[in-house]
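> everything below, folded, please.
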Amino acid sequence: MAPSVLLVEDSSPARRNLAIFLERAGYQVAQADTGEHALRLLVTSGNFDVVVSDLRMPGMINCLDVLFSKTCRSANRFDFDDRLWL
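Reported below is the predicted structural model:
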């Protein structure tokens, strides 16, 4: 099974280009255009191997809010390690 990536980017062209690049590299890519959408995907779709996210997006939730969300942690949906790549 191919590694899964959650791609979070509010710019449609950037998101589309990154998704194409990742898919051609053999990844399964789920896309979100807001932090809120990414949070819903994390909770409902299960674990992703990697989250690639824009740091600043419109809306109330940004990249770091998504990654450190109590919702994700309490649902045991996201396996945190000691590394955070910015």
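
> quick one: low-confidence parts of this structure?
Regions of the chain meeting the criterion pLDDT under 70 cover residues 46, 60-86.

> strands along that one, start to end?
Assigned strands in the chain, in chain order: 4-8, 28-32, 50-53 (criterion: DSSP state E).

> what sits up against the shortest one?
Just to be clear, that refers to strand 50-53. Residues from elsewhere that reach strand 50-53 (Cβ atoms under 8 Å, 6 or more residues apart in numbering): 3-9, 18, 22, 27, 38, 42, 63, 66-67. All C-beta spots, glycine's among them, are computed from the backbone N, C-alpha and C.

> most neighbours out of the residues you listed, which is it?
Taking other Cβ atoms under 10 Å as the neighbour criterion, residue 38 ranks highest of the contacts of strand 50-53 with 30 neighbours.

> tilt between the helix ranked longest in the chain and strand 4-8?
Among the elements of the chain assigned as helix by DSSP state H, the one spanning the most residues is helix 12-24. The directions of helix 12-24 and strand 4-8 differ by 170 degrees, with axes from the mean of the first three to the mean of the last three Cα atoms, to 10 degrees as the criterion.
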